[in-house]
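Colleague: pasted the sequence and its predicted model underneath.
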Amino acid sequence: MATETPPVVVEIDSLAAGGDGVGRLADGRVVFVPWTAPGDQVLVRLTEERKRFARGEVSEVLRPSPDRRSPPCPIAGECGGCAWQHIDYPAQLAAKAGILRDAIERIAGLTSPAEIPVRSATELGYRSRARVFAQAGEVGFRRMRSHEVCGTQACPVLVPELNAVLGNLAQAPPEGEAEWLLAVGDGGEVSIRVDGPGAKASAIHLRVGEDPLRIGPGVFFQANAALRGQLAQAVGEACGRGERVLELYAGAGFFTLGLGRAFAQVTAVESNRRAARDLGHNLSAADVPADVAIHPIPTEDYLADPRGPRPDVVLLDPPRTGLPKGGPEALAALGAERIVYVSCDPATLARDLRILTERGYRLSALTAFDLFPQTPHIEALAILTL
Ligand SMILES: C[S@@+](CC[C@H](N)C(=O)[O-])C[C@H]1O[C@@H](n2cnc3c(N)ncnc32)[C@H](O)[C@@H]1O
């Protein structure tokens, strides 16, 4: 009869990119333990053992880290939305700088800046977009690593307008399953899109500097209402001014309008048709002086057949997957003096930076933006120069 391995004592040293605490077993293997904090001493029950690493669950906190706190959310630990509610906010920020540094050094093989600044705004009440689910009479969010719904009336990371919507939905749960995409604009207008065939909802509007930005239902937008203005400004400063700029993954134009005032020619690539339509609308509504060409095609297609003369600057803001295979090589071949890379995944950023730096680019600045407090997600802004 198989016997269960007895729990082991683990000292947690750091936090991994996925959010779990990281410690070492007596045999030297790394062990990943969710809901822990650096400085914790915990008793761990191993749930998965591999040759080089293991995973476990806390069976007892023997000595809590000084960075531990009581989570501001009553369903922390059950809800899959936030993995770091139990960690003090300054320690979350330090962990994000550490994860980014580790990726730059280990994956890109570069010397990371001695200090990586992490820009942040408010740690709660920031999120202006959310997916909400209903199941078996409960309304809320998905449980950690599960499709089950964890019911709740309120969520501390949502902006007040979306909390009000969540509260109303939770008061009258539908029968069966449902899914909503909630979004709120800068004027407080809320879009509630019921996901499914024929889904319809209204557009919302954000402000980027002086410019209004229309975001159609389901189109990506920067969801941190408190910090996105700083991100737009930092990206604008990183791009500077010049003759020609190429923007890949332009979305509805969050950065494009600023580029249209700083460059004479803007080429914007965005594969989502609805986002590209909003981009066209937003550029004409803002009456930007630049000559703008929009390519509603995938970046990979554009990079396989780039148009026009060499850009001075390339700005890119890809999804988590980073550039496609062969993308960094094709990007380097464009020969722009400066590449401004906005990334939401340190691992794919570092993978792409490795190739770009092998082709002559130098990482000249790196900043993180905490767009998703209480979670391990990290947004990074990297500037590369030739
Ligand atoms: C992280 S969002 C950034 C959008 C915009 N920069 C912003 O800040 O709102 C990534 C964008 O890339 C688009 N996208 C995803 N895959 C793409 C691809 N292969 N080629 C071009 N655009 C793509 C998405 O539709 C989305 O608008």
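Modeller: Nice, thanks for sending it over. Numbering: from 1, shown residues only.

Colleague: hang on, Arg101 packs against Ser112?
Modeller: Yes: Arg101 lies in contact with Ser112 (C-beta atoms under 8 Å); the separation is 4.4 Å. In this view, the C-beta of every residue, glycine as well, is placed from N, C-alpha and C.

Colleague: so where is this protein shaky, pLDDT-wise?
Modeller: 1-3, 195-200 (pLDDT under 70).

Colleague: show me which residues of it sit near the ligand.
Modeller: Neighbours of the ligand within the chain, by C-beta under 6 Å from any ligand atom: 220-222, 249-252, 254-255, 269-272, 275, 298-300, 317, 319.

Colleague: out of these, which sit inside strands?
Modeller: Val269 (DSSP state E).

Colleague: and the buried ones among the residues of the chain next to the ligand, selectable in ChimeraX?
Modeller: Per 16 or more other C-beta atoms under 10 Å, the buried members of these correspond to this ChimeraX selection:
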select :220,221,222,249,250,251,252,254,255,269,270,271,272,275,298,299,300,317
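
Colleague: out of the residues of the chain next to the ligand, list just those in helices.
Modeller: 275, 299-300 (DSSP state H).

Colleague: from those residues, which single one is nearest Ala350?
Modeller: Ala350 lies nearest to Thr299 out of these, by C-beta to C-beta, at 18.9 Å.

Colleague: wait, what's in contact with the closest residue to that closest one other than its chain neighbours?
Modeller: The shortest distance from Thr299 to any non-neighbouring residue, by C-beta to C-beta, 6 or more residues apart in numbering, is to Leu248 (4.7 Å). If you count contacts by C-beta atoms under 8 Å, 6 or more residues apart in numbering, Leu248 has them with 269, 299, 302-303, 314-318.

Colleague: kindly reformat these as JSON lines containing distance to Arg145.
Modeller: Output for those, formatted as JSON lines (distance: C-beta to C-beta, whole Å):
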{"residue": "Val269", "distance to Arg145": "35"}
{"residue": "Thr299", "distance to Arg145": "31"}
{"residue": "Tyr302", "distance to Arg145": "36"}
{"residue": "Leu303", "distance to Arg145": "35"}
{"residue": "Val314", "distance to Arg145": "37"}
{"residue": "Leu315", "distance to Arg145": "35"}
{"residue": "Leu316", "distance to Arg145": "31"}
{"residue": "Asp317", "distance to Arg145": "28"}
{"residue": "Pro318", "distance to Arg145": "25"}
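
Colleague: could you list the domains of the protein?
Modeller: According to automatic domain parsing, the chain comprises the domains 8-63, 89-123+226-385.

Colleague: quick one: the strands in the stretch 1-150 of the chain?
Modeller: 8-15, 21-24, 30-33, 41-49, 53-63, 118-119, 129-135, 138-142, 149-151 (DSSP state E, counting those that start in this stretch).

Colleague: which one of those lies nearest to Gly209?
Modeller: Between these, strand 118-119 lies closest to Gly209; by C-beta to C-beta that is 17.2 Å.

Colleague: note down every partner strand of that closest one and its orientation.
Modeller: With DSSP bridges as the test, strand 118-119 is paired with strand 362-369 (parallel).

Colleague: list the buried residues in the helix or strand following the partner strand.
Modeller: Counting by DSSP states H and E, the next helix or strand C-terminal to strand 362-369 is strand 379-385. Buried residues in strand 379-385, counted by 16+ other C-beta under 10 Å: 379-384.

Colleague: and strand 379-385, how far from the chain's centre?
Modeller: 14 Å (C-alpha atoms, centre = their mean, to the nearest Å).

Colleague: same question for stretch 310-329.
Modeller: With C-alpha atoms, centre = their mean, you get 17 Å for stretch 310-329.

Colleague: cool, and stretch 22-35?
Modeller: 26 Å.

Colleague: how about it: buried residues?
Modeller: 22-23, 25, 31-35.

Colleague: adjacent strands (with direction) for the helix or strand containing Val266?
Modeller: Per DSSP H and E: Val266 is located in strand 263-269. As defined by DSSP bridges, the strand partners of strand 263-269 come to strand 242-248 (parallel), strand 291-295 (parallel).

Colleague: name the nearest residue to Gly56, sequence neighbours excluded.
Modeller: Val44 (3.9 Å).

Colleague: cool, Ala136 as well?
Modeller: Ala136 sits nearest to Val149 (C-beta to C-beta, 6+ apart), 7.3 Å away.

Colleague: relative to Phe221, how far out is that neighbour?
Modeller: Separation of Val149 from Phe221 (C-beta to C-beta, to the nearest Å): 25 Å.

Colleague: same question, Gly125
Modeller: 18 Å.

Colleague: and if you look at Leu15?
Modeller: 28 Å.

Colleague: what's the answer for Ala268, then?
Modeller: With C-beta to C-beta as the criterion, Ala268 and Phe221 are 16 Å apart.

Colleague: now do Ala293
Modeller: In terms of C-beta to C-beta, Ala293 sits 22 Å off from Phe221.

Colleague: what does Phe369 give?
Modeller: In terms of C-beta to C-beta, Phe369 sits 15 Å off from Phe221.

Colleague: mind listing what Asp211 touches?
Modeller: Counting by C-beta under 8 Å, 6+ apart, Asp211 has contacts 257, 282, 286.

Colleague: could I get those in CSV, plus columns for secondary structure and neighbour count?
Modeller: Supplementary listing: the contacts of Asp211 in CSV, determined by DSSP: H, G, I helix; E, B strand; the rest coil; neighbours: other C-beta atoms under 10 Å:
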residue, secondary structure, neighbour count
Leu257, helix, 27
Asn282, helix, 25
Ala286, helix, 20
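
Colleague: give me the residue from the chain nearest the ligand.
Modeller: Gly251 (2.6 Å; C-beta to the nearest ligand atom).

Colleague: quick one: contacts for that residue?
Modeller: So Gly251 contacts 219-221, 270, 272, 275, 279, 317 (C-beta under 8 Å, 6+ apart).
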